[in-house]
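Chemist: Return atomic coordinates for the entry below.
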Amino acid sequence: MNLKQLEAFVQVAEGGSFSRAAKELYLTQPTISAHIASLEKELNVRLFIRNTKEVSLSEDGKELYKYAKPMMDLAQKIEERFGSEEETGKHCITIAASTVPAQYLLPEILKRYNEKYPDEQLKILEMDSAKVVLRVIDHMVDVGLTGTALEKKHCRYVPFYKDQLVVITPNTEKYRKIREESPKDISWILQESFIMREEGSGTRKEAEKQFARAGIDVTKLDVIASIENQETIKKSVSQGLGISVLSGLASRDEVAEGRILAFPIPGADKGRDINLVYNKNYQLSRSAERFIKIVKEVYQVEK
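Modeler: Got it, this is the predicted structure:
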């Protein structure tokens, strides 16, 4: 066993792909496959479960990752401490972000971070909120950005933005009349065809909570589709397929342009928290600490 094999293993585990690992390490895909095969043969275990879409860790792989990741982090720290000045200026942090913060909040953070630390590199992984938290727990990413806080004891959540959810509808006379006559009542949504976000989505979890507080029984919604992509949802709503619930951030431009209408959810207060999350059981790298500081600066979070 050697560090090159473990490095390949960690990259495949974090990226979920042999080809992405090869790209990250500037190696060929057969070289990555050879490293993994040698490691599996030496340890006499199967490290990955492979299917046509992605590669995921086996139970043995998850166990090995707990040891391999800290080893690679330590190897990087040694390189930073004893490497040349030219090499030590370039560090990379991995950030997992759910859809809303990834698309609507992260760009401003990245811009500010790059202005202040131009030699730093960032690797962004977009996934649903539940997967973001799991990646943080398994220490497969340095920090995460998520629209929901799952009760996981290893996680520290830092709220940095308030985002209101809204019910979105086509901009037709029917819904304009509803908004005019019953602006604070959304019970009518039970009579409509409803498009939900996918399972694991922070927006979906928060919407279910807010609907319950507003007296809406989500089990009685006429759900006709569950869609992962927000752009697909917005286009489907604007074309009359049904109504949905989305982040106010995600629907802001379409509402301003008059393509859809937005209805606030009664009793939702200031909205849900968008959180920065990290694993408090591991020491943050200097680059991760800088990233967290930039997030707080951009969104004026009290320290």
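Chemist: Can you give me the distance of A130 to R204?
Modeler: 10 Å (CB to CB, to the nearest Å). All C-beta atoms are positioned from the backbone trio N, CA, C, and that covers glycine.
Chemist: Comparing those two, which residue is more hemmed in?
Modeler: Set A130 next to R204 and count neighbours by other CB atoms under 10 Å: R204 wins out with 21 against 17.
Chemist: Next, the residue lying closest to that one once chain neighbours are set aside: phi, psi?
Modeler: Among residues not flanking R204 along the chain, R197 sits closest, at 4.1 Å (CB to CB, 6 or more residues apart in numbering). Comment: the main-chain dihedrals of R197 come out as phi -70, psi 170, following degrees, to the nearest 10.
Chemist: which residues sit in contact with R197?
Modeler: Contacts here follow CB atoms under 8 Å, 6 or more residues apart in numbering; on that basis R197 touches 203-204, 207, 226-228, 230, 233, 244-246.
Chemist: what's around the nearest residue to A102 once chain neighbours are set aside, how many residues?
Modeler: Here the nearest residue to A102 in space, its sequence neighbours aside, is E126; by CB to CB, 6+ apart that works out to 4.5 Å. Each residue near E126 was counted by other CB under 10 Å, and the total is 16.
Chemist: check contacts around E126.
Modeler: For E126, the contact set (CB under 8 Å, 6+ apart) comprises 96-99, 102-103.
Chemist: which one among these gets closest to N275?
Modeler: Taking CB to CB as the measure, S98 is the one of these closest to N275, at 9.7 Å.
Chemist: wait, isn't that closest one in contact with G202?
Modeler: Yes: with contacts counted by CB atoms under 8 Å, S98 reaches G202, the gap being 5.3 Å.
Chemist: any low-confidence regions in this structure?
Modeler: Low-confidence segments of the chain, defined by pLDDT under 70, span residues 52-53, 80-90, 302-303.
Chemist: Where do the helices of it begin and end?
Modeler: Along the chain, the stretches classed as helices by DSSP state H are 3-15, 18-25, 29-43, 59-82, 85-88, 99-100, 106-116, 129-137, 173-181, 202-213, 230-238, 248-256, 286-298.
Chemist: got the angle for the third one vs helix 18-25?
Modeler: Which is helix 29-43. Here helix 29-43 runs at an angle of 100 degrees relative to helix 18-25 (axes from the mean of the first three to the mean of the last three CA atoms, to 10 degrees).
Chemist: how big is the angle separating helix 29-43 from helix 59-82?
Modeler: For the pair helix 29-43 and helix 59-82, the angle between their directions (the same axes, to 10 degrees) equals 110 degrees.
Chemist: Can you show me the CA trace of helix 29-43 as PDB?
Modeler: These are the backbone C-alpha positions of helix 29-43, laid out as PDB (Å, rounded to 0.1, in the frame of the first residue of the first chain):
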ATOM      1  CA  GLN A  29      -8.400   6.600 -15.900                       C
ATOM      2  CA  PRO A  30      -6.600   3.200 -16.300                       C
ATOM      3  CA  THR A  31      -4.000   4.400 -13.800                       C
ATOM      4  CA  ILE A  32      -6.700   5.200 -11.300                       C
ATOM      5  CA  SER A  33      -8.400   1.900 -11.900                       C
ATOM      6  CA  ALA A  34      -5.000   0.100 -11.400                       C
ATOM      7  CA  HIS A  35      -4.400   1.900  -8.100                       C
ATOM      8  CA  ILE A  36      -7.800   0.900  -6.800                       C
ATOM      9  CA  ALA A  37      -7.500  -2.700  -8.100                       C
ATOM     10  CA  SER A  38      -4.100  -3.000  -6.400                       C
ATOM     11  CA  LEU A  39      -5.500  -1.700  -3.100                       C
ATOM     12  CA  GLU A  40      -8.500  -4.000  -3.200                       C
ATOM     13  CA  LYS A  41      -6.300  -7.000  -3.900                       C
ATOM     14  CA  GLU A  42      -3.800  -6.100  -1.100                       C
ATOM     15  CA  LEU A  43      -6.600  -5.500   1.400                       C
END
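Chemist: Brilliant, that's me finished.
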